[in-house]
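Asker: Here you go, sequence then predicted model.
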2 protein chains.
Amino acid sequence: MKNKTKAIRIGDMRSPCPIANTLDIIGDKWTLLVIRDLFAGKSTYSEFQSSPESIPTNILANRLKRLAEYDVIHKTPYQQRPVRYAYQLTAKGRSLGPLLLAMAEWGKKNIAGTEARMKLDL
Amino acid sequence: MKNKTKAIRIGDMRSPCPIANTLDIIGDKWTLLVIRDLFAGKSTYSEFQSSPESIPTNILANRLKRLAEYDVIHKTPYQQRPVRYAYQLTAKGRSLGPLLLAMAEWGKKNIAGTEARMKLDL
DNA sequence: CCTAGTTACTTGCTTTATGCAAGTAACTAT
DNA sequence: ATAGTTACTTGCATAAAGCAAGTAACTAGG
């Protein structure tokens, strides 16, 4: 099994802590929203863009690239002429389900005015 | 119950999604490391600074302030002359335990070279 | 009293990341 | 031939992060 991803980064870690290293992959305001959308069944660039938070297009491209590098998602062409891509969660990506669930639960309990409008297949 | 915190922010939300709103509070590379330290029993400014990730001092001050504003932690003086403060998790903060646990588990399983060196009282 | 040390920050400045608008490539449909 | 759609990229302004140094309020030692 060749390693083309950034999965192994020993040496350039800020610490060996699993939380710190997870944050280096998903620790920002946008990444988990893309992953949420994937859990909600979305898979194309325009579907991600259509989410209510309106992710900037360059940031979306950047996050999709990073997630693919870390093997959390992968990109496959779903049609030719013109070629269009579908993004989907890898096994590693799907295993973020419990984290997403914990976050959604915390938000619903602790932040007034929040409401889950999409059904996630966690 | 008076509300001096930012707990209620209806109107300036980017969406009603609980995940999006949780990310607006803890979605960055540092906040959850401070919370991790609190779960590990740390409580002073210098203890947070001594963690292996070496959080910049101005960012630490900023995050402590924000977490207090959102009622995730609170600050109490533990001595006079000179006055020194201890930070501790509120009930709201302690309820982040499952989220932190899910994140630690994901990191341990999916990122090579990670290792939990602190015991968290989740 | 004077100097060094500690804790808990704040300030100034440089670098990096975010956010917005516009532009491009490769098509399809009329 | 022109307009529309999808999936991006590029340029530029603003905001946040990161680093080093400085400050305030003390304590302890010579």
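Answerer: That came through, no problem.
Asker: Only C-alpha atoms from now on, for both contacts and neighbour counts.
Answerer: Fine.
Asker: Do a quick rundown of the strands in chain A.
Answerer: A:73-79, A:84-89 (DSSP state E).
Asker: Going by mean pLDDT, which of those strands comes out lowest?
Answerer: Sorting those by mean pLDDT places strand A:73-79 lowest, at a mean of 90.
Asker: for A:Leu32, what are its contacts?
Answerer: Going by CA atoms under 8 Å, 6 or more residues apart in numbering or on different chains, A:Leu32 touches A:Ile26, A:Leu100, B:Ile19.
Asker: Tell me how many other residues crowd A:Gly113.
Answerer: Neighbour count of A:Gly113, defined by other CA atoms under 10 Å in any protein chain shown: 18.
Asker: where does it land on pLDDT?
Answerer: Predicted confidence (pLDDT) for A:Gly113: 93.
Asker: I'd assumed B:Arg14 was in contact with it.
Answerer: No - under the criterion of CA atoms under 8 Å, A:Gly113 makes no contact with B:Arg14, lying 11.7 Å away.
Asker: Of the strands of chain A, which stretch is the most buried?
Answerer: When the strands of chain A are scored by mean count of other CA atoms under 10 Å in any protein chain shown, the highest mean neighbour count falls to strand A:84-89 (a mean of 17).
Asker: For stretch A:88-100, measure first residue to last.
Answerer: 16 Å (CA to CA, to the nearest Å).
Asker: Is DNA strand D within reach of it?
Answerer: No - counting by CA under 7 Å from any atom of the strand, DNA strand D is not contacted by stretch A:88-100; separation bottoms out at 11.7 Å.
Asker: Counting neighbours, which bits of that stretch end up buried?
Answerer: A:Gln88, A:Leu89, A:Lys92, A:Gly93, A:Arg94, A:Ser95, A:Leu96, A:Gly97, A:Pro98, A:Leu99, A:Leu100 (16 or more other CA atoms under 10 Å in any protein chain shown).
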